[in-house]
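**Student:** Here is the input, now give the coordinates:
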Amino acid sequence: GGCWGSWARGVCSLRPRPARSSSPKMLPMLCGASADSCSTDGSEGGKSRSSSEDWGEREPAGRRKWGAPRTRPITAEDAVRIAQSFAQGFRSKDYDNMGNDKQRVDQYTRAIARAVVGKTVLDVGTGRDALLAQICARAGAKRVIAVEVVPSAAADARKAVADAGLDGIIEVVEGHSGTATLPRVDMIVHEIVGGLAPEEGMGAALLDLQSRPDVVDATRPGWSLPRRVETRAAPVAYGAPGTTGASPMAQSLPCVGESVRLDVDRLVRMPEPPTEALLGELQVLDVLDAEAPMEPQLIQDRTLSWRFTSTSVLAGFACAPWLDLDGQDAVDAWLGGTSWQHKLVGLATPVTVRPGDEVTLRVQNNLTVFPTQYAFQVELRRGRVRPQVAVTVAATAAPGLQAAFGRVPIARCA
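**Tutor:** Model (predicted):
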């Protein structure tokens, strides 16, 4: 990745799990999708910045009603701002990790080999090593236009292409795909995908290309590889790696059949959680489908829910991307071992859950802006089990997790 950035990965499961959608009004926790912290009171979430986590200036929290997608051409000023963000976000080790990501590289290589022979290909966000461009050239592409928005990465890409002896096939273009003058191509390849799949700007980039029939015929199946990306999410137990920033506390809980709002206070990277730390099945948090009109997809609103079957301490929701490359091969960060880090939608205060309890996660995203914006609302509804009073329980979600949080008090229901 590079033009809009990307983390890449690689193998399989072409069985998306549908998520339920809903509507009611919500006061969001709003932040840029790659922010290292978020706030709900209108102030910036955290003053410190990690260059490996932020793609641009964080949006303050608020009560914005996004409404219909707001689309406009990508400007030169946009391109400069995006280049600066990705220059901060991608380090040499990140490109090394992507190049060494066997799942990602193998899956892309297979899909590209089926698609590019004799074609002119546009690689959007080619990155330091022009990795996907080189795979296309070696697979038999007639010509590859490799676009990169970060000037230093574009220079490195030209050198990598020349060193590989492929400069007769691959042309590196410095700039943003939305502002660069592009020739007619047969298809595009890209990996503009983050820990939350759309967060690196894939939606806006594909919308721009769908509106440029002089560059590519976006009505033809297979015009974009990948053809679909999703973020898949599951509730995660407190004590899993990356979840222990806040301490579980005794708190006023709802009685049987009642609900309570749980505050979300951060959206951060986390290590891949062990399977035993997941408190429910994976569900689809958001989707971008390149073979459907992109504009209606740039504002999304989904509601996911999980019912618990054991006592545990809920820390939040772990998220990671899944890419359907061509209907045959896929890249799944949930299979492990990829260069993507998962994302944690973290609760301000982890909460004890019991069998029969149900948690609902509502997510709204705005993909018309960069960085993309996400708003989260979480509610816990107590199941029909006997209320407990002032006792302590040890979480049972995963072997070894109990040591991380010990014995957690449960308060009397409100």
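
**Student:** can you pull out the helices in the stretch 101-250 of the chain?
**Tutor:** 102-115, 131-139, 151-163, 202-210 (DSSP state H, counting those that start in this stretch).

**Student:** for the record, mean pLDDT for the last one?
**Tutor:** Averaged across helix 202-210, the pLDDT comes to 94.

**Student:** what's in contact with it?
**Tutor:** 3-4, 71, 73-74, 122, 124-125, 177-178, 188, 190, 192-193, 215-216, 218, 224, 229, 288, 290, 293-295, 297-298, 367-368, 370, 372 (C-beta atoms under 8 Å, 6 or more residues apart in numbering). (C-beta placed from N, C-alpha, C; glycine too.)

**Student:** out of the helices of the stretch 101-250 of the chain, nearest to residue 331?
**Tutor:** helix 102-115 (5.0 Å; C-beta to C-beta).

**Student:** name the helices or strands packed onto that closest one?
**Tutor:** If contacts are counted by 3 or more C-beta pairs under 8 Å, 6 or more residues apart in numbering; DSSP states H and E, helix 102-115 sits against helix 131-139, strand 187-190, strand 224-225, strand 330-332.

**Student:** Just checking: what are the partner strands of the shortest one?
**Tutor:** Strand pairing for strand 224-225, using DSSP bridges, gives strand 187-190 (parallel).

**Student:** For residue 215, what are phi and psi?
**Tutor:** Residue 215 adopts backbone torsions of phi -100, psi -50, taken as degrees, to the nearest 10.

**Student:** my bad, residue 334
**Tutor:** phi -70, psi -10.

**Student:** is it true that it touches residue 320?
**Tutor:** Yes: applying C-beta atoms under 8 Å, one finds residue 334 in contact with residue 320, separated by 5.2 Å.

**Student:** who has more neighbours, these two?
**Tutor:** Neighbours were tallied for residue 334 and for residue 320 using other C-beta atoms under 10 Å; the higher tally belongs to residue 320 (29 against 22).

**Student:** just to revisit the earlier point, for the helices of the stretch 101-250 of the chain, please prepare CSV with the additional fields distance to residue 316 and mean neighbour count.
**Tutor:** What follows is these, written out as CSV (distance: least, C-beta to C-beta, whole Å; neighbours: other C-beta atoms under 10 Å):
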stretch, distance to residue 316, mean neighbour count
helix 102-115, 25, 20
helix 131-139, 33, 24
helix 151-163, 33, 18
helix 202-210, 24, 25
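
**Student:** CSV please, covering the ones you listed and showing distance to residue 363.
**Tutor:** Output for the helices of the stretch 101-250 of the chain, formatted as CSV (distance: least, C-beta to C-beta, whole Å):
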stretch, distance to residue 363
helix 102-115, 25
helix 131-139, 29
helix 151-163, 31
helix 202-210, 15
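
**Student:** For residue 310, find the nearest of these.
**Tutor:** The nearest among those, by C-beta to C-beta, is helix 102-115 at 30.8 Å.

**Student:** Drop anything exposed from the contacts of helix 202-210.
**Tutor:** When these are checked for burial by 16 or more other C-beta atoms under 10 Å, the buried set is 3-4, 74, 122, 124-125, 177-178, 188, 190, 192-193, 215-216, 218, 224, 229, 288, 290, 294, 297-298, 367-368, 370, 372.

**Student:** tell me how far the ends of stretch 302-322 are from each other?
**Tutor:** 17 Å (C-alpha to C-alpha, to the nearest Å).

**Student:** for stretch 143-160, same thing?
**Tutor:** Stretch 143-160 end-to-end distance (C-alpha to C-alpha) = 16 Å.

**Student:** taking the mean pLDDT, what do you get for it?
**Tutor:** In the prediction, stretch 143-160 has an average pLDDT of 95.

**Student:** My guess is residue 158 contacts residue 172. True?
**Tutor:** Yes: judged on C-beta under 8 Å, residue 158 makes contact with residue 172 at a distance of 4.6 Å.
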